[in-house]
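Asks: sequence plus the predicted model coming up.
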Amino acid sequence: MNRTPFHIPSHPLLSPVLAAMLAVGASGMSASALADTALQATLSGASEVPPVQSSATGNVDASLNPSTRMLSWTVNYTGLSGPASAAHFHGPAMAGQNAGVVVPLSGKMSSPIKGSATLTSDQMADLLAGKWYVNVHTQSNPGGEIRGQVTVRP
């Protein structure tokens with residue numbers, strides 16, 4: 001019997017992490033062998049759409065477990081015009097575009113905001129493709145005072 005090695009077709013929407021997951025599944029290895037994917041975002045008023053005049057800054061440090069699809073995050077910020085009234089992951093949208101809430105951040109809105117959520121496969125694909133952003137809202141800026149596009153940490 002002639003066996004051909006498993007081949008994963010190339011496609012611009014197929015991220016390296018998803019390709020690795022497919023290869024692991026096809027090879028019979030456990031998906032738990034894949035390492036968590038580190039994600040990051042830098043938050044600023046200039047990244048809001050439209051831009052917001054704010055001296056506030058922030059960052060997002062997140063981790064995605066590819067086998068459980070569990071996203072965990074810590075959002076740190078400083079200098080907001082007032083207390084944070086809400087914060088969310090939005091998508092799918094590239095930088096410069098707006099989109100609806102995908103994952104609301106819950107609990108206390110004071111910095112740091114920590115949490116986790118289980119994503120669907122489609123949500124995970126959009127997140128890994130850079131199509132999610134985080135923004136932090138205040139009473140003075142109900143559409144968002146600071147925002148940053150989530151990317152895979154190099």
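Replies: Nice, thanks for sending it over.

Asks: how about the helices of this structure, start to end?
Replies: Secondary structure of the chain by DSSP state H: the helices cover 16-27, 121-128.

Asks: for those, which has the smallest mean pLDDT value?
Replies: When the helices of the chain are ranked by mean pLDDT, helix 16-27 comes last with a mean of 47.

Asks: burial measure for P154, as a count.
Replies: Number of residues near P154 (other CB atoms under 10 Å) recorded here: 5. Using the backbone N, CA and C atoms, a C-beta is placed for each residue, glycine as well.

Asks: over to S54?
Replies: 21.

Asks: that one touches G45, doesn't it?
Replies: Yes. Applying CB atoms under 8 Å, one finds S54 in contact with G45, separated by 3.3 Å.

Asks: touching both of those two, which residues are there?
Replies: Common neighbours of S54 and G45 (criterion: CB atoms under 8 Å, 6 or more residues apart in numbering): N141, E145, I146.

Asks: could you pick out the buried ones from these?
Replies: N141, E145, I146 (16 or more other CB atoms under 10 Å).

Asks: so what sits opposite the last one in the bridge?
Replies: So the one you mean is I146. Note on I146: beta-bridge partners V136, judged by DSSP bridges.

Asks: and the pLDDT at it?
Replies: For I146, pLDDT reads 98.

Asks: kindly report the same for the first one.
Replies: On the pLDDT scale, N141 is placed at 97.

Asks: done for today, thanks.
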